[in-house]
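In: no FASTA, just this:
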């Protein structure tokens, strides 16, 4: 069923250009700094902050590569190996891993040669490339400041080879790695050490008391929200092909706290539904930069996370547009060239129409966002976002 362009083509237009020239002067001279616990962050992380003391947040458009080499979107997320598999010798080791479980997503800057570049609002490509460049600059400054050996640095930026680059493209580019908050913050905060309830029946059994088994009984493990809320997804509801979650039977009632990744209508996409996401998508993201510098066995190590605050997928909203909303000068020059000419009007050639139709068919079949929310594109950070599947 088709929709009118006015209800399907709204794209955020208020994305001021980001560059080191106008952003870097706004952050503190002494960074990173320890801030109050933000968005379920462990206390050992510090943050890049602005001069006014607030955490620096960067908002920009990007191509999200859900199937990228550095993305961790499978059932076990960042505790899995490169094949998406996970195994642990015992439940204690599995519990420790679950306590640091996060979603990891690869992203890159928008480009004037993107298939949907004609529909990008003005300065969107400039904002995106400026944001990635600024993040790379801050990462470089952190590396220089702490003088950690290269082998002991975990960065939020990666150098990625471009497959089959054209004559006008570089053969490599910077990608960034988005890392969510902890998916199971209750495990980290409680450390599975809360006192379980002991009954007379437990004593009369004559068997040794097992704290982990006692905690696993229904109703004994505290949960952060009401159990009557039907939107809550618990560990027992997650896909578990290797039986890792089942090993931690005392944790199966723990709530899985979803990152704020929403479809175009603003509905939350839960990690249990990430397998329905397309291989890539256009999105508006908000990120902050977290940093940890610490010694392990007399060796200095540093970890930089590009913490994902919010992500809103936009693909279908753009693909249903019947005419360009805005055309940046760069995108316009590319679109009128012989090499990459794109035309959506009635005068488009038959071959271009067929190609576009095939691409739209694939997009329609995917489970990306169906549209963006009406009005201003501010992310829903008020905690009122409703739970939904990938598509409404």
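Out: Structure received. Being a predicted model, the structure only gives us computed values, none of them experimental. Numbering: from 1, shown residues only.
In: where are the low-confidence patches of the chain?
Out: Across the chain, residues meeting the criterion (pLDDT under 70) sit at 1-21, 35-44, 188-196, 212-213, 215-230, 315-392.
In: And it, what are its domain boundaries?
Out: Following automatic domain parsing, the chain resolves into domains at 5-183+257-388, 195-255.
In: Contacts for stretch 153-167 next, please.
Out: For stretch 153-167, the surrounding residues in contact (Cβ atoms under 8 Å, 6 or more residues apart in numbering) are 69-70, 106, 108, 113, 135-136, 139, 143, 169-177, 179, 289, 301-306, 339. Bear in mind the C-beta positions are built from the backbone N, C-alpha and C, glycine included.
In: How about stretch 293-309?
Out: 39, 41, 44-45, 57, 103, 105, 135, 139, 142-143, 146, 148-149, 152-156, 176-181, 259-261, 285-292, 379, 381.
In: That one: which residues count as buried?
Out: Residues 293, 301, 302, 303, 304, 305, 306, 307, 308, 309 are the ones in stretch 293-309 that count as buried (16 or more other Cβ atoms under 10 Å).
In: so where does the second one fall, helix or strand?
Out: Of the helices and strands defined by DSSP states H and E, residue 301 is found in strand 299-313.
In: quick one: strands adjacent to that strand?
Out: Paired strands of strand 299-313, with direction, are strand 153-154 (parallel), strand 172-179 (parallel), strand 261-262 (parallel), strand 280-296 (antiparallel) (DSSP bridges).
In: burial measure for the nearest residue to residue 171 once chain neighbours are set aside, as a count.
Out: With Cβ to Cβ, 6 or more residues apart in numbering as the measure, residue 165 is the residue that lies nearest to residue 171, at 4.9 Å, once sequence neighbours are left out. When neighbours are defined as other Cβ atoms under 10 Å, residue 165 has 12 of them.
In: for residue 165, phi and psi?
Out: According to degrees, to the nearest 10, the main-chain angles of residue 165 amount to phi -70, psi 150.
In: Which residue ranges of the stretch 151-300 of the chain form helices?
Out: 185-190, 200-204, 211-215, 244-247 (DSSP state H, counting those that start in this stretch).
In: now swap in the stretch 1-150 of the chain and tell me
Out: Assigned by DSSP H, counting those that start in this stretch, the stretch 1-150 of the chain shows helices spanning 5-8, 20-23, 91-98, 124-146.
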